[in-house]
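Chemist: 3D model of this:
(one chain, ligands or ions: 1)
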Amino acid sequence: MPELDGDNRHVVVTGGAGFLGSHLCERLLDLGYHVTCIDNFVTGSRANLALCLENPRFTLFEMDVTEKVWCEGPVTAVAHLACPASPQDYLRIPLETLKAGSLGTLNALALAQEKGARLLYASTSETYGDPEVHPQSEKYWGRVNPTGPRSVYDEGKRFGEAATMTYLRHFGVSTSIVRIFNTYGPRMRADDGRAVPAFVTQALRGERLTINGTGGQTRSFCYVDDLIAGLVLTLESEHPGPINLGNPAEVTILELARTVAELTGVDAEVTYCPAMQDDPVRRRPDISLAGELLGWSPTVSLEEGLRRTIEWFRTAAPSTVAEASP
Ligand code: NAD
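Modeler: Below you'll find the model as predicted:
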């Protein structure tokens, strides 16, 4: 990535007030970077930035990336994370999600080009859709339903990848695409509908755990600290990607529910709800490329990551018990 002198390295993080973005801002500040967070708070919050806001090297701009992405002075890198990410969010605000993947990514790329900065694009395992290939490696082109309800997210992200590659090929911008697989940890919203916060908050409230579908569908869950380490390594490298980042330990959703129940010490029953349309049946990253190029692999086991997450929901989450939805 282009170096500014010494401590003047400056990263713009779009979506920095969200779950992953706020952890990334904190890690970059810890590493000595200046950080500018751009966010419109559609799914993120100022509360996520409490630690960052105490740091003099941190700046916060309230801005909608689908309108502009702007920042004063030299910029070393732009980490583009702004986009609603949970199915519950993107089905509630579909047009905003499509625009974040498309217009937002074009605007972030334009800023990187203008500043001569590197751009890191937070893509997703959802670009693989409901895959016929298992585990998924970066060579697989995916199986996405382009007209289904989830396409606002999946196709927006695929457009974002095409836009990123266009800036790399035609304008010589140093870019990298990371395909992030399911990541969990402190600061997920209790009501965002993703499996880990849903199960944890339901268990802590002594409610039944709700599973969409049979519970036999699999996912691979990566603890947030591991994922952030992978993002920083990619940002500081020159690799264009796409690179898968995720934890290859695959579990069924029913196994996840049982593990959460066990770790919270409750005897929770399970309720089954209808499956979501186009919900992938299996999901596991092939992370050999991240190992080869970055020397990266996750280190936190599912059980350990869940313990840390449960502890956060118990002690620090804003109104966990009152706000959680089934
Ligand atoms: P999140 O919803 O917690 O964070 C997204 C952030 O982007 C929020 O702060 C939101 O307010 C902001 N945002 C959305 N639209 C915006 C806009 N138009 N202008 C400015 N800010 C906007 O989600 P997350 O889990 O932290 O995901 C962050 C990124 O990582 C997303 O791009 C997502 O697609 C990607 N990703 C996440 C996961 C995961 O498991 N968490 C998996 C794959 C990909």
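
Chemist: which outside residues touch the longest helix anywhere in the chain?
Modeler: Longest helix of the chain, by residue count under DSSP state H: helix 151-171. Outside helix 151-171, the residues within contact range by Cβ atoms under 8 Å, 6 or more residues apart in numbering are 80, 83-85, 87, 90-91, 94-95, 97-102, 104-106, 109, 112-113, 119, 121, 123-124, 126-127, 129, 142, 144-146, 173-175, 177, 240, 242. Every residue, glycine included, has its C-beta placed from N, CA and C.

Chemist: write out the residues of the stretch 151-300 of the chain neighbouring the ligand.
Modeler: Applying Cβ under 6 Å from any ligand atom, we find that the stretch 151-300 of the chain lies next to the ligand at I180, N182, T183.

Chemist: thinking again about what came up before, now the angle from the helix or strand just after the longest helix of the chain to helix 151-171?
Modeler: Once helix 151-171 ends, the next helix or strand along the chain (criterion: DSSP states H and E) is strand 175-180. Angle, strand 175-180 to helix 151-171, by axes from the mean of the first three to the mean of the last three Cα atoms, to 10 degrees: 160 degrees.

Chemist: may I have strand 175-180 exported as PDB, CA atoms only?
Modeler: Output of strand 175-180 as PDB, limited to C-alpha atoms (Å, rounded to 0.1, in the frame of the first residue of the first chain):
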ATOM      1  CA  THR A 175      -7.300  -2.900  -5.000                       C
ATOM      2  CA  SER A 176      -8.100  -6.100  -3.100                       C
ATOM      3  CA  ILE A 177     -11.300  -8.100  -2.800                       C
ATOM      4  CA  VAL A 178     -11.900 -10.100   0.400                       C
ATOM      5  CA  ARG A 179     -14.800 -12.600   0.500                       C
ATOM      6  CA  ILE A 180     -15.900 -12.700   4.100                       C
END
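
Chemist: roughly how far out does it sit from the chain middle?
Modeler: Averaging C-alpha positions (Cα atoms, centre = their mean, to the nearest Å) puts strand 175-180 11 Å from its chain's average.

Chemist: and stretch 71-81, by the same measure?
Modeler: Once both centres are worked out by Cα atoms, centre = their mean, stretch 71-81 turns out to sit 19 Å from its chain's centre.

Chemist: ok, stretch 300-311 next?
Modeler: The answer for stretch 300-311 is 18 Å, by Cα atoms, centre = their mean.

Chemist: then stretch 29-47?
Modeler: 14 Å.

Chemist: so is that stretch next to the ligand?
Modeler: Yes - Stretch 29-47 is in contact with the ligand by Cβ under 6 Å from any ligand atom, via D39, N40, F41, V42, T43, G44.

Chemist: quick one: the residue of the chain positioned farthest from its centre from F199, how far?
Modeler: For the chain, the C-alpha lying farthest from the average C-alpha position belongs to D267; by Cα atoms, centre = their mean, that distance is 30.7 Å. Applying Cβ to Cβ, to the nearest Å, the value for D267 to F199 is 14 Å.

Chemist: and A77, by the same measure?
Modeler: When A77 is compared with F199 (using Cβ to Cβ), they lie 35 Å apart.

Chemist: who has more neighbours out of those two?
Modeler: Taking other Cβ atoms under 10 Å, A77 and F199 do not tie; F199 has more neighbours (26 against 23).

Chemist: can you pull the contacts of that one?
Modeler: Shown in contact with F199 (Cβ under 8 Å, 6+ apart): L209, L256, A257, V260, A261.
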